[in-house]
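Undergrad: Got a sequence here, can you model it:
(2 chains)
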Amino acid sequence: MSDQFIKSRPVYQSLAVDSSGLRHLLVSDSPAFSFAALPGQEAEIWFVAAPDQEGRTRPPEAGGGRCFRSPRHLIDRLDHRLARERMGLRLYASGTEDFLWDVFNTAQRAGMNKQEIFQCHSGTKARRVACVHCRTFNHAVTTTIVRCEGCGANLFVRDHFSRRLSAFMGVKVDAEVAGDVPPAEQAYS
Amino acid sequence: MGIHFKTDETFRDDFSYRNSDAAVLRFPFPFGEDTYRYSVNIEPHVKAGPSPAFEHAFDVDEHYVAECRERAIVLDHDPKRCQVLPHMMPAQWDTLELLMESLSTDYPEHFSLTRDGTAWHWINRPLNLDQRFVFGDASTLPCEPFEYITRQAQGDFTLQDQRDNNLYVDGGMVTTQADWSLEFDIGMSFHEWHGPVPLAHEIGVFDRALQYLLRLQYGHPVRRLNWTMTINPRLDTSPENYPDWGPDRTTLTAENIAGKLHLRVELQTLFRLPRSNAILFGIRCYLISLQDIERVKKWHKRLHRVLATLPPELVEYKGLIRFYDLLVSRLAAMDDGTPLSLGIQPDQTQLPA
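TA: Prediction:
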């Protein structure tokens, strides 16, 4: 089934500068992002280094934006930054779906509203899957069925997405007849 | 007068829940015609209708005490079945006021509310509670006001915040649900939380329902019936606990289906709340065994006709696949095809033994 039919999944746009903003911050979960600031409007850029950097960052003076070791590293810093922001900031997020909603939820907790946040989906379509039974998050799931790291149940990945949890719902696939687990198919890569 | 409560019933383990004959005859049977299709079947929630279950704002019946105890058990295992987002505190007080006012007005022999400004005194006799508190001051109650009062009511409740021309499910008490998760869905917009329902989106049911509900007026609540089927009289058929109740679906046989299979009906009510402008959504669950349905001739035949013509997508969505053929063939044997009266009323006042 095409993702277009998932009612709870947002439709993402490409990013463009919102000229009603006074300051612009782009956050990306990879060094590969596409964002064009308007002439005369500086955009600040934060991005996550490629995994082959293995924890190395580079100083902001090097230009091209501020570099972080991981998405968690970036969001931690973003939380601190937004607590000190004033009205007029526009926040742009580029990356995988779970990253986009982690950023969104961080911004919303800091008091930003959804008209001030823009999201562009890029990179893998792998899903974060929340086990509805034990509440464990299973990361980077690319198959229709995944064994939960928390409770061990074989979860069917339902096309039902929670923005608050940044995750799809996983439901035990053989709850009715134990062991009746269909083969997992590669579905979201 | 007053309701005789069946205080020792259970909805788990030995499943001792049973309906009295009176409870069978007042059951809100959901099928007024011989076929069932999705529709926005919403009508004004006036204190009248073809079942006595419609005669009060919030129906209280013989299962009240046992259902409140079952709710407490579920909450003890999983406190997140009751959650309300922080901006919904005015809606919490609205809910407490609506439930206390309604219950004490509709059932004065069981509940009483005395108000002196913000000093309120609430008495719940069936649960043996006597609570004085300050309306608007949550610290004067044993827990937050929404949880406090919905622990004393039958059925689930959700709170919908209205903003951006949409409704968001920003709170709820959800312990008797038909397979949906508050923890997963809280905060979702109207179309998001209905996402998994098949067929209905495509025919515009949710668009129309949302437009209707955005215009819901204070003092003019509305209602509809929804239904599914459950094995054993189990109230907590949550997705959280599906590994525990899912195996029940494979246990039906020709010998035990009449006692084990239950029609599960939700009397859904929607109230606009006065201070918060939120909507309180009540989802009151009624369970009736197949053998009790079969004691009402009209319901027996009608259930057969509805199920025999149910679209396959709904057979799957409602989880009936494993026992559908067994059920329909059993019902068919007693359906002589005679025309049935329109509407859900039982058309009899006594039940065979």
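Undergrad: Give me the number of neighbouring residues for the residue in the stretch 1-150 of chain B positioned nearest to chain A.
TA: Ranked by C-beta to the nearest C-beta, the top residue of the stretch 1-150 of chain B for proximity to chain A is B:K80, at 8.6 Å. Bear in mind the C-beta positions are built from the backbone N, C-alpha and C, glycine included. Counted with other C-beta atoms under 10 Å in any protein chain shown, residues neighbouring B:K80 total 13.
Undergrad: Ramachandran coordinates for it?
TA: Summarising the backbone geometry of B:K80 under the convention degrees, to the nearest 10, its torsions are phi -70, psi 0.
Undergrad: Check it and give its pLDDT.
TA: Looking at B:K80, its pLDDT reads 96.
Undergrad: Then A:S2?
TA: At A:S2 the predicted local confidence, pLDDT, stands at 32.
Undergrad: Kindly report the same for the one 3 residues further on.
TA: pLDDT, the model's per-residue confidence, is 56 for A:F5.
Undergrad: What separation is there between the residue of the stretch 1-150 of chain B closest to chain A and B:E266?
TA: The spacing between B:K80 and B:E266, counted by C-beta to C-beta, to the nearest Å, is 22 Å.
Undergrad: and the residue of the stretch 251-353 of chain B found nearest chain A, which of the three is it?
TA: Sorted by distance to chain A under C-beta to the nearest C-beta, the residues of the stretch 251-353 of chain B start with B:R322, at 7.2 Å. Under DSSP: H, G, I helix; E, B strand; the rest coil, the three-state class of B:R322 is helix.
Undergrad: Now it: closest residue in space that isn't a chain neighbour?
TA: By the measure of C-beta to C-beta, 6 or more residues apart in numbering or on different chains, the closest residue to B:R322 outside its immediate chain neighbours is B:R249, 5.1 Å from it.
Undergrad: what about the residue of the stretch 251-353 of chain B closest to chain A, how many neighbours?
TA: Counted with other C-beta under 10 Å, residues neighbouring B:R322 total 15.
Undergrad: So A:V132 sits against B:L182, correct?
TA: No - counting by C-beta atoms under 8 Å, B:L182 is not a contact partner of A:V132; they are 10.9 Å apart.
Undergrad: Tell me which residues touch the most centrally placed residue in chain A, please.
TA: Geometric centre of chain A, nearest residue: A:F99, 1.6 Å, by C-alpha atoms, centre = their mean. With contacts taken as C-beta atoms under 8 Å, 6 or more residues apart in numbering or on different chains, A:F99 has the following neighbours: A:29, A:71, A:93, A:166.
Undergrad: Mind checking which of these are in strands?
TA: When the contacts of A:F99 are checked against strands using DSSP state E, the ones located there are A:A93.
Undergrad: Let's have the contacts of A:F99 in a markdown table, adding neighbour count, pLDDT and distance to B:A72.
TA: Formatted as a markdown table, those follow (neighbours: other C-beta atoms under 10 Å in any protein chain shown; pLDDT from 0 to 100; distance: C-beta to C-beta, whole Å):
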| residue | neighbour count | pLDDT | distance to B:A72 |
| --- | --- | --- | --- |
| A:D29 | 25 | 94 | 44 |
| A:P71 | 19 | 95 | 41 |
| A:A93 | 28 | 95 | 42 |
| A:S166 | 20 | 92 | 32 |
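Undergrad: from the contacts of A:F99, which is closest to chain B?
TA: The shortest distance between chain B and any of the contacts of A:F99, using C-beta to the nearest C-beta, involves A:S166 and amounts to 11.8 Å.
Undergrad: so what's that closest one closest to, chain neighbours aside?
TA: If you skip the residues right next to it in sequence, A:S166 has A:W101 as its closest partner in space, 3.6 Å away by C-beta to C-beta, 6+ apart.
Undergrad: count of neighbours near that neighbour?
TA: So A:W101, with other C-beta under 10 Å, has 22 neighbours.
Undergrad: List the contacts of it.
TA: With contacts defined as C-beta under 8 Å, 6+ apart, A:W101 is in contact with A:163-166.
Undergrad: switch the cut-off to 10 Å
TA: Neighbour list for A:W101: A:10, A:93, A:108, A:119, A:128, A:161-167 [criterion: C-beta atoms under 10 Å, 6 or more residues apart in numbering or on different chains].
Undergrad: Where does the record place the domain boundaries for chain A?
TA: The record's domain parsing of chain A by automatic domain parsing lists A:15-121, A:124-189.
Undergrad: Including distance to B:T230, could those domains go into a markdown table?
TA: As requested, these are arranged in a markdown table below (distance: least, C-beta to C-beta, whole Å):
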| stretch | distance to B:T230 |
| --- | --- |
| domain A:15-121 | 34 |
| domain A:124-189 | 13 |
